Structure formats: structure tokens, C-alpha cells
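> need a 3D model of the sequence below.
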Amino acid sequence: MNVLLISCYELGHQPFGLASPAAHIVAAGFPVQCLDLAVESFDDERVRAADFVAISIPMHTAIRLGVKAAARVREINAHCHICFYGLYASLNGDYLLRTGADSVVGGEFEQPLVNLIKSLAGNGSTDDGVWTKARRSGPFLGRQQFLPAVRGLLPPLEKYARLDDRTALKLVGYTEASRGCVHRCLHCPITPVYAGRVRIVQEDVVRADIRNLVELGAQHITFGDPDFLNGVKHSLRVARNLHEDFPHLTFDITTKIEHIVQHRGLFAALRTLGCVFILSAVEALNDTILAYLEKGHTAADVVEALRITRAAGIALRPSLVAFTPWTSLEDYLYVLEFVEEYDLIYHVDPVQYSIRLLVPPGSSLLGTPQLAPFLGALDEEAFSYSWTHPDPRLDALHLEVSKTVERAARVAEDPLATFYKVKDLALAALTGRAFSSAKLRVTQPADRPPRLTESWFC
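The predicted model follows:
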């Protein structure tokens, strides 16, 4: 049984979603190859040789690319078994199975993938987490004994995003210390799959993976946990191990504003251990919108989180859901004014100003009274429900901002220039007259915060 694991897009990092299951499949005695279409060309020969092709779809962009990859796999190899796995597999299982997939694996995917491959090879049976045309199954959320990710089957770290810390561009390794989330933000795709559960990657496994990444040249580690501080004691042990083993290694984490405020005393220690920036889902600065999303924080908490992280010497990089059915033009402009007032222009990737609320199948927002008046039909091929803003100026602004930040990304425009172009668009939408910041002098400040060279978006 020859296995091919395919990734289409995993945020500019070497895909853990291939490296981790590859370790388990190799340990089970099956030959494995990996193909990362984000940095590699489609390889017809590897596809022809495969008996089992599994496509990782941890996010919305990945599933859109993944279904196209699956169609091409089927053209080349009509007899192989095609499996989709990952967060968005659980949410879109019906559609994927109707349109060419032989199976779907949701939730914790390593052990179910191994069991499925064994079953197809004739020496085992499938268990929870494997959904086929003949057998429906929800996501597998059992606890697993993880193995250190297999890195040698993947493209080198040089193929992926770097850390720009103002002194150099550094190679970045990506790992995970946990999955799932104890919180249940209504717009988050993790909520309908994990339902408030967290699954821990064993401490020694994370430590070994970081060691392997450093041997491959990593000078910085991104922890891709949905929230690194879901299990504070575990996370601190992981961070201390990293610093003990590699004192000069830096890292970044993702955590909620709520956790920053709650665990304010941790951040000086995290900075000492090497944390240089934190990604946090601010999403909005209107407390009503935040309540609709059940984010667990307020606009005032965002200000407090900034104070806490800045006192610790850690950059806070907000992510946004800039356009929702409840966002007014005044709300949108206030976010821009907040970014400007709190010196966050270089902390917010310009793509964040264009992010529109995504409502995938199974979303916890479905059925809520706040969304119902705006919700349209499910567009299965787009893997989301449509919705229309009650103020057409917001939908028009979204299109213009999206084009602006896309053009800016293509030419590597200074984020300061992009920011004021976006602000001009927002002011024009609000007032009905044109604004221009063309005479703005764009500078290159010495205190730019550290960042990854590929922007986060879903």
C-alpha cells in the first residue's frame, strides 16, 4: 500500500499536517511520500504510484485548492483511494464524498488514517473518525500518543516563510503542542468539530520535533496551536524546554485576548524564554459584534492586552474579521483609527482589513438570531454560506479593500502606504467624497515589530 500525503496550503510553513501523520504511517510499516503543492509542482509520477492519496485540508483556502488537486489525482490515477482529512474535512464531508472522495477523516487524524490504510491493505478495520459513502462517522476526538513529525519527506525550510526580526530573515520551523480549543467562539471552525475539547501533544514529542527542526536550520519556531495557552502548565513546560535546549531560539504563539488579560503575569517569562510576538484574534472593536461572536473579550480588553504585552516586550499582532453583517462603516473606520492611534500599522497584516466573516457548513453561527436575517444559501462549491450586508456600501467597500490589499501584496508595498489607501476607501464610503493620502510620506521606522514574511489569513 503506497501512501501519498498532499498539502495544498498551510499558511506558509512546512506542513505539520503532513509531517505528523507521515510519522504514524511510517511506524505502521507503510511507504509514504509527501507533496506540498504550495511550494512543489504537481508530480504525476508520485500520484500514479500511489494506492492511497490523503489530502490535508485544515483551513478554508486549503479545501478550495484541495478539491482541485483531488480532481487531478483522479484523472491520473483512477483506482487510488482518495481521502480528505483535517478540520474542513469534518465540516464538508457530505459534499466531498459526493464529488469524488472515497473517505473523510475528521478531528484527530493520525490514528484513523493508519487504521484506514491497514483496513484497505487487508489487515485491520476502521474506527471512529473515518467517514465513507457506506459509513457515516463524526470526527475522532480520542487521545493519541503522538510521534515526532517526519521532516525528511518534506521540502526544506528554505522553501517557506521567514521571520523578519529587523536584523535578518530567519528560517522558521512550525510545530504544534495542542489541538482544539476550550473556548467556543461561534465563528471559529474549531468549535463545531472539537466542541470545547483540547488534545495535548506530549511534551517529549514537541521537544523532539523542535530539535529536529533546529537541525534542519530553524532559527525561530511558530507554535500553530489554536490557542497556546489553553493548557498553561503544558505550554510553559514546552517553552522552557525550548529555551533550555536552544537558548537563542525565538518563537511566536497564538492566544486569545482573554488569556492575555487572565494570565497577565506570564508574559515577562514568555519573553525571557524567547517569545517575540503573539497573534491574537481581536476580530472587532465593537462590543456588540464581539458578543455576537462570543469572543470572550471587549474592546477595553484589547487595550489592556496591548499594555500587558508591550510591558513584557512582546509584539501583539491582531487578526480581524473586518466585515460582518453587523459591521457599520463607522465600526470599520474605528478599527482603522484604533490601529493608527495605538501604533499598530506595522502589527496588522494589510490582508486583515479585507477579511469577511466566513460561515462554513456546521458553523456554530447557524441558527443564531443575530445571523438569521442576513443568511443566504449554502454555496457548496465555495464551502460557505452566503450573506449580504444590509448596507450595500459595506459590500462595495469589501471588494475595493480586497483589490487594494491584493495589489499591495503583489508589489510588496509598505504596509503604511496600504493602510492609508484602505483608510481613504473607508472615508470615501462613509462621506461619499474622495480622499487621498498620496502625499503621505512613507517611512521605514527602526522599531518595526517582528513578523513572518507570509501573512496569516484563512
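> now residue 77: how far from residue 314?
Residue 77 is 48 Å from residue 314, where distance means Cβ to Cβ, to the nearest Å. To be clear about C-beta, it is placed using only N, CA and C from the backbone, and glycine gets the same treatment.
> so those two - more neighbours on which side?
residue 314 (22 against 19; other Cβ atoms under 10 Å).
> who touches the more buried one in this structure?
267, 270-271, 275-278 (Cβ atoms under 8 Å, 6 or more residues apart in numbering).
> right, and residue 345 touches residue 418 too?
No - here residue 345 does not reach residue 418: they are 9.1 Å apart, not a contact under Cβ atoms under 8 Å.
> more crowded one of those two?
Between residue 345 and residue 418, counting by other Cβ under 10 Å, residue 418 is the more crowded of the two (23 against 19).
> got phi/psi on the more buried one?
The phi and psi values for residue 418, taken as degrees, to the nearest 10, are phi -60, psi -40.
> hang on, residue 371 packs against residue 388?
No - using Cβ under 8 Å, residue 371 makes no contact with residue 388, being 11.8 Å away.
> quickly list what's touching both of these two.
residue 325.
> of these two, which one has the most company?
A direct count of neighbours by other Cβ under 10 Å for residue 371 and residue 388 places residue 371 higher, at 21 against 12.
> CA atoms of the helix of greatest length in the chain as CSV?
Counting residues, the longest helix found in the chain (DSSP state H) is helix 392-410. Included here for helix 392-410 are C-alpha records, laid out as CSV according to Å, rounded to 0.1, in the frame of the first residue of the first chain:
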residue,chain,number,x,y,z
PRO,A,392,-24.6,47.8,0.3
ARG,A,393,-21.7,50.3,0.9
LEU,A,394,-20.1,47.7,3.1
ASP,A,395,-20.1,45.0,0.4
ALA,A,396,-18.8,47.5,-2.1
LEU,A,397,-16.0,48.6,0.3
HIS,A,398,-15.1,45.0,0.9
LEU,A,399,-14.5,44.5,-2.8
GLU,A,400,-12.4,47.6,-3.1
VAL,A,401,-10.3,46.9,0.0
SER,A,402,-9.7,43.3,-1.2
LYS,A,403,-8.4,44.5,-4.5
THR,A,404,-6.2,47.1,-2.8
VAL,A,405,-4.5,44.7,-0.4
GLU,A,406,-4.1,42.1,-3.1
ARG,A,407,-2.3,44.6,-5.3
ALA,A,408,-0.2,45.8,-2.4
ALA,A,409,0.9,42.2,-1.6
ARG,A,410,1.9,41.6,-5.2
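> who's in contact with that helix?
So helix 392-410 is contacted by 322-323, 327-329, 332, 350-351, 353-354, 356, 388-389, 413, 415, 417-418, 421-422, 425-426, 429-430, 455 (Cβ under 8 Å, 6+ apart).
> among these, which ones are in helices?
Mapping these onto helices (DSSP H) picks out 329, 332, 415, 417-418, 421-422, 425-426, 429-430.
> make a ChimeraX selection of the buried ones in these.
Here is the ChimeraX command that selects the buried residues among these (16 or more other Cβ atoms under 10 Å):
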select :329,332,415,417,418,421,422,425,426,429,430
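> from the ones in helices among the contacts of helix 392-410, which is closest to residue 283?
residue 332 (12.7 Å; Cβ to Cβ).
> next, the contact list for that closest one, please.
Applying Cβ under 8 Å, 6+ apart, we find residue 332 in contact with 322-323, 394, 397, 426.
> ok, residue 62 next?
Residues in contact with residue 62, defined by Cβ under 8 Å, 6+ apart, are 7-10, 56, 86, 88.
> just the closest of the residues you listed to residue 450, please.
Nearest to residue 450, judged by Cβ to Cβ, of those is residue 10 at 20.7 Å.
> quick check: pLDDT value at that closest one.
Looking at residue 10, its pLDDT reads 78.
> neighbours around it, how many?
23.
> okay, and the closest residue to it other than its chain neighbours sits in which element?
Nearest residue to residue 10 in three dimensions, chain neighbours excluded: residue 17, at 5.9 Å (Cβ to Cβ, 6 or more residues apart in numbering). Under the criterion of DSSP states H and E, residue 17 resides in helix 16-27.
> repeat that for residue 145.
Using DSSP H and E, residue 145 is not contained in any helix or strand.
> number the residues from 438 up from this point.
Okay, residue one is now 438; in that scheme the one you just asked about reads as residue 582.
> just checking, it touches residue 639?
Yes - assessed by Cβ under 8 Å, residue 582 is found in contact with residue 639 at 6.9 Å.
> for the helix holding residue 454, output the C-alpha coordinates as CSV.
Extracted C-alpha coordinates of helix 453-464, given in CSV (Å, rounded to 0.1, in the frame of the first residue of the first chain):
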residue,chain,number,x,y,z
PHE,A,453,2.8,19.7,10.1
GLY,A,454,-0.4,18.2,8.7
LEU,A,455,1.7,16.0,6.5
ALA,A,456,4.8,15.5,8.8
SER,A,457,2.8,14.2,11.8
PRO,A,458,0.6,11.6,10.0
ALA,A,459,3.6,10.5,7.9
ALA,A,460,5.4,9.6,11.2
HIS,A,461,2.5,7.3,12.2
ILE,A,462,2.1,5.8,8.8
VAL,A,463,5.8,5.0,8.6
ALA,A,464,5.7,3.5,12.0
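> which helices and strands sit right next to the very next helix or strand once past it?
Using DSSP H and E, the helix or strand that follows helix 453-464 in sequence is strand 469-473. If contacts are counted by 3 or more Cβ pairs under 8 Å, 6 or more residues apart in numbering; DSSP states H and E, strand 469-473 sits against strand 440-444, helix 453-464, helix 481-486.
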